[in-house]
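Asks: Prediction below, plus the sequence it came from.
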Amino acid sequence: MSKKNIILLVILILLGVSLLFVNISMSPVDKSDNTLRNFEVVKGATTNEVIDSLKKQKFIKNAEIAKLYAKIAHKTNMQAGVFQLKKSDNMITIIKHLNDPANITGVSLTFIDGKRVTDYAKVVEEKLGIKQKDFLAKCNDKKFIATLKEKYELVKDYKFNNKAYYLLEGLLAPDTYVVSADSSAETVIEMMVKQANSIYLQNKADIKKSKLSVHDIYTLASIVDLEANSYEDRRAVASVFINRLNDDMPLGSDVTTYYGLKINVGDRDLTTAELAEENGYNTRSGMLGLPVGPICNPSITSIRAVLNPKSGDNLYFVSDKNGKVYLAKTYEEHNKIIEDLKSKNLWFTYDN
C-alpha cells in the first residue's frame, strides 16, 4: 500500500472514530428510562450554563458536543421555565425541546427556610408577576384563611393572633414548588400551607405531647431558626427559651426585635432606642412570653428542635461569628463567654 493510501486510510479511520464518538455523545443517556423529570432553565442563564446543567443532571452525555450542536444548529434560544425531560431522548431532541416555549410545563419557586412572607412575596412577583402587596394581602385575608381551616388540620389547630403583621407567617412551608405560570396568589399559598400541614401531621404525636400550643410551637421555632444553624444548636437554644418562659423571664432575642422593627436581620446593628421599642414582637423590650406570631417560616429542623429541646437548666446562650452556640446558666458566666469570644476575635461585628 502506498504512503498516500495509508494516509488516506488513517484519515478515514480517524473520521470514522470521530463520527462514532459524536454519535455516542448525542445518543440517549438511558434508552430504557422514559420517566419524566423536571428540569429548570433559570431566567437569564446562558446556553452554555443550561447545557452544563443538563450534563450535571445526567440528561446528556457530553456538554461540549451539545454546545457545538446548539451553536451550529442555531438552537441557543433556551426558554426560561420548567420542562419535563426524559433520559431516553437523545441530545438533539432535548435541546430542541428547551428552545420551544410551548414545552414549558411550569415555573419553579424556591422558598428558603428562615425567610419572611415579605421575602416570599418578592419571589412570587419575580417569577409569576403577582404583585407583592397582593400576595401579602392574601396572607391576611381572613375569608381565605377560613377556607384553609376547613381543609388543613394545622390551620384549624392554630390559634391566630390578629395583632400579627401577617397571619400566615410561619405556616408557609419552605421548599421548591413547580407551579403553572398563570398561578394565583391563593394557589401558591395553599400549596405551601398544604406542605406545612403534611409536616404538622408527621410530627403531630410530639406536638400533642408538648406543653406549648401549636401557635407557640411555630412561633418559638421561627425564633430558634434564626438564632442557630444546626439541629443540636437549635435544640440547645430552644431549651434556653423554654426555661426562660417557665421562669417568667423575657426571651431577650434580637431577631424578634428586628422583625418587630421590620428590619432584616444582619442589615445593621440596632440602636438602644430600637432595642427598647415596645411592639408585639420585641422580646428585648422587657415583654414576657412569646411574640404575637412567628417571625419567619421555620424549617422542619427548627420545629423538631422545639419539640425535642436539649435537657438542662441553662438560661443564656450566645453565638460566635461562625454560628457556634455557647450555653450558660448564669449572667456572669454568659458575660465571661462573650469576653472570651471577643478576645479570640470570634465576636460578630457589623460591617459599616
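Replies: That came in fine, so what should we check first? Please read these numbers as outputs of a predicted model, since none were measured by experiment.

Asks: the strands in the stretch 51-200 of the chain, which residues?
Replies: For the stretch 51-200 of the chain, the strands identified by DSSP state E, counting those that start in this stretch occupy 81-85, 107-111, 175-179, in order along the chain.

Asks: Now do the last one against strand 81-85, angle only.
Replies: Strand 175-179 runs at 80 degrees relative to strand 81-85, counting by axes from the mean of the first three to the mean of the last three Cα atoms, to 10 degrees.

Asks: For strand 175-179, the averaged confidence score.
Replies: When pLDDT is averaged along strand 175-179, the result is 90.

Asks: quick one: strands adjacent to that strand?
Replies: strand 107-111 (antiparallel) (DSSP bridges).

Asks: Using CSV, list the CA coordinates for the partner strand.
Replies: The C-alpha coordinates for strand 107-111 follow below in CSV (Å, rounded to 0.1, in the frame of the first residue of the first chain):
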residue,chain,number,x,y,z
VAL,A,107,-42.3,27.8,36.9
SER,A,108,-40.1,26.8,39.8
LEU,A,109,-40.5,28.7,43.0
THR,A,110,-37.8,28.2,45.8
PHE,A,111,-38.7,29.5,49.2
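
Asks: Just the residues contacting that strand, thanks.
Replies: With Cβ atoms under 8 Å, 6 or more residues apart in numbering as the test, strand 107-111 has contacts from 38, 40, 81-82, 120, 123-124, 127-128, 172-181, 183, 188, 192, 297. (C-beta placed from N, C-alpha, C; glycine too.)

Asks: Find the nearest non-adjacent residue to the most centrally placed residue in the chain, please.
Replies: When Cα atoms, centre = their mean is applied to the chain, the residue found nearest the centroid is Ile112 (1.9 Å). The shortest distance from Ile112 to any non-neighbouring residue, by Cβ to Cβ, 6 or more residues apart in numbering, is to Pro174 (5.8 Å).

Asks: Thr76 against Ala70, yeah?
Replies: Yes - assessed by Cβ atoms under 8 Å, Thr76 is found in contact with Ala70 at 5.3 Å.

Asks: what touches both of those two?
Replies: With Cβ under 8 Å, 6+ apart as the test, Thr76 and Ala70 both reach Thr47.

Asks: More neighbours: which of the two?
Replies: Ala70 (23 against 15; other Cβ atoms under 10 Å).

Asks: who's in contact with that one?
Replies: 47, 51, 76, 95.

Asks: just the buried members of the contacts of strand 107-111?
Replies: Among the contacts of strand 107-111, those scoring as buried are 40, 81-82, 120, 123-124, 127-128, 172-175, 177-179, 183, 188, 192, 297 (criterion: 16 or more other Cβ atoms under 10 Å).
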